[in-house]
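> requesting a structural model of the entry that follows:
(chains A and B)
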Amino acid sequence: MIALIEREVVEKRAWLTHKEMLDLIAIAESTPGVIALNTATYVGAKLGGFWGSLACSIAVILPSVIIIMAITPVLQKFGTNKYVQWAFWGIRSAIAALILNAVWKLFRSIEKSVVSYIVMAVSFALALLSVFKIIPVDIVFILLASALSGIVYGFFKRKKQAKNTAAEPSSSKHQISAPGEKEADK
Amino acid sequence: MIFLELFLNFLKIGFFTIGGGYAMLPLISDTVITKGWLQPDQLIDFIAIAESTPGPFAINVATFVGSIVGESALHGFGGALLGVLCTVAGLFIPSFVIILIVYKLAARLTKNRYFTDAFLCVRPTVVALVASAFVTVAMSAFVVGSGEQKSFSWFALIWFLLCFAALRIQKKVHPILVILVSAGAGILYYGVILGGI
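From the prediction side, this is the model:
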């Protein structure tokens, strides 16, 4: 979808520059909300303020709504057909594979650190408690708790970095000036 | 009032969906199954439809849930339309309001220390949540049969492993192709080889 937006909005119509597009991706992905709608609202705001955003958002929503509302009655009518059922039993395996593939790709995109693995394990355990109806844990609670722990983790990480840079400024200076000293030796 | 409930729940889903594609799946499946709006089987089958039709996944799912629930609450097309209006508006409002606010301070926000720090832990959590949604889906994907006669299927498990291997090895393979081949495999196995169950 991003590729399609890039071609249409940046290359064809020049509504955004390439750099603005990169900013837009960062914002759309890191603010709450559906990415497609975030992107539409942003491009709309740039072009025409409030009404521009509204127009772009509705334009993104309409095709989905029309297509799905046309398909749903057909689905309900043929849902009990034997062939359709067999086909869907086969497709369910494919959907499970597609989701696991998404998990795999997401897993590889995150920061490789002990903290992120711990956060992942705890969140997964909490979510499973909810899936198996052992303890109802709200997903929103898990997300908010992880955002808070991220802020706390960031605070200590920064503190440690500040300590390290304060402790060894001399050694790093040495390394920077080392090539120069070698030249002087020659 | 079911329509208000639809709207409020999709407002929550819209507000707490971070990231694209399947990132909203855990919230959707949690809400929709707990509320009894869809059966797990219906949700999985619809994920297949949403994957194979144009349009953002999230909006497709919202439209489907809205029309199913709306129609059963208030018979006829009007009910479906009202349901869709509620779910889609719920998804749309958080994006709209947040982006309009953020638009002015966009560049500053992505450089804000607390904002980026929070994401250090939110990203791993999103991975974990999508993994838990996978568990939900897998639990009903490997159990086939209609009505009372449901049982675990080795074929479903093996076919899942084959699909996953195919997706990992041939990274450019299109999801729709995997879905179509799986539909054929399902008809061939359950219909022809098992003689229809």
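> what's the burial count for residue 139?
Just going to use chain A. Number of residues near A:I139 (other C-beta atoms under 10 Å in any protein chain shown) recorded here: 23. (Glycine included, C-beta is placed from N, CA and C.)
> the intended chain is chain B.
B:M139 has 14 nearby residues by other C-beta under 10 Å.
> how much space separates the closest residue to it other than its chain neighbours from B:V135?
Using C-beta to C-beta, 6 or more residues apart in numbering or on different chains and skipping residues adjacent in sequence, the residue nearest B:M139 is B:P40, 7.3 Å away. From B:P40 over to B:V135 the distance is 11 Å, taken as C-beta to C-beta, to the nearest Å.
> which of the residues in whichever strand or helix holds A:D23 are buried?
Element membership of A:D23, judged by DSSP states H and E, is helix A:18-30. By 16 or more other C-beta atoms under 10 Å in any protein chain shown, the buried positions in helix A:18-30 come out as A:E20, A:M21, A:L24, A:I25, A:I27, A:A28, A:E29, A:S30.
> again with stretch B:3-21
In stretch B:3-21, counting by 16+ other C-beta under 10 Å, buried: B:3, B:6-7, B:9-21.
> could you list every helix and strand that the helix holding A:D23 packs against?
The contact analysis (3 or more C-beta pairs under 8 Å, 6 or more residues apart in numbering or on different chains; DSSP states H and E) places helix A:18-30 against helix A:35-78, helix B:77-104, helix B:106-109.
> show the subsequent helix or strand relative to the first one.
Just to be clear, that refers to helix A:35-78. Counting by DSSP H and E, what follows helix A:35-78 is helix A:82-109.
> so for that next one, mean pLDDT?
Across helix A:82-109, pLDDT averages out at 89.
> from the chain's centre, how far out does that helix sit?
Centroid separation for helix A:82-109 versus its chain: 20 Å, with C-alpha atoms, centre = their mean, to the nearest Å.
> check whether it comes near chain B.
Yes: judged by C-beta under 8 Å from any C-beta of the partner chain, helix A:82-109 and chain B are in contact via A:82-83, A:85-104, A:106-107, A:109.
> for that helix, packing partners?
helix B:40-52, helix B:113-141, helix B:154-169, helix B:175-186.
> re earlier: the residue nearest to B:M139 against B:S140, yeah?
Yes: if you go by C-beta atoms under 8 Å, B:P40 and B:S140 touch, sitting 4.3 Å apart.
> what's around B:P175, how many residues?
Other residues close to B:P175 by other C-beta under 10 Å number 16.
> cool, B:L177 as well?
Using other C-beta under 10 Å, B:L177 has 12 neighbouring residues.
> nearest spatial neighbour of B:N60, skipping sequence neighbours?
Nearest one to B:N60, counting by C-beta to C-beta, 6+ apart, is B:A50 at 3.9 Å.
> tell me the contacts of B:K172?
Neighbour list for B:K172: empty [criterion: C-beta atoms under 8 Å, 6 or more residues apart in numbering or on different chains].
> quick one: find the helix or strand in chain B with the lowest mean pLDDT.
helix B:106-109 (a mean of 67; mean pLDDT, DSSP states H and E).
> circling back: can you add pLDDT and give the buried residues of helix A:18-30 back as JSON lines?
Listed next are those as JSON lines, based on pLDDT from 0 to 100:
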{"residue": "A:E20", "pLDDT": "77"}
{"residue": "A:M21", "pLDDT": "79"}
{"residue": "A:L24", "pLDDT": "77"}
{"residue": "A:I25", "pLDDT": "75"}
{"residue": "A:I27", "pLDDT": "76"}
{"residue": "A:A28", "pLDDT": "77"}
{"residue": "A:E29", "pLDDT": "73"}
{"residue": "A:S30", "pLDDT": "73"}
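> out of those residues, who's nearest chain B?
A:I27 (5.2 Å; C-beta to the nearest C-beta).
> these two touch, right, that closest one and B:K111?
No: look at A:I27 against B:K111 with C-beta under 8 Å: they stay out of range, at 11.5 Å.
> mind listing what the residue nearest to B:F96 when sequence neighbours are not counted touches?
In space, and not counting its chain neighbours, B:F96 is closest to A:T41: 5.3 Å by C-beta to C-beta, 6+ apart. Contacts for A:T41 (C-beta under 8 Å, 6+ apart) come out as A:S53, A:C56, A:S57, B:S95, B:F96, B:I99, B:L100.
> what is the nearest of those residues to B:G55?
The closest of the contacts of A:T41 to B:G55 turns out to be A:S57 (C-beta to C-beta; 13.2 Å).
> for that closest one, what are its contacts?
A:L37, A:A40, A:T41, A:G44, B:F92, B:S95, B:F96.
> okay, it: pLDDT?
92.
> find the nearest non-adjacent residue to it, please.
A:A40 is the one closest to A:S57 (C-beta to C-beta, 6+ apart), at 4.8 Å.
> now swap in B:D41 and tell me
B:S140 (5.6 Å).
> centre-most residue in chain A?
Of all residues in chain A, the one closest to the mean position by C-alpha atoms, centre = their mean is A:E29, 4.8 Å from it.
> surely that residue meets A:S109?
No: counting by C-beta under 8 Å, A:S109 is not a contact partner of A:E29; they are 10.8 Å apart.
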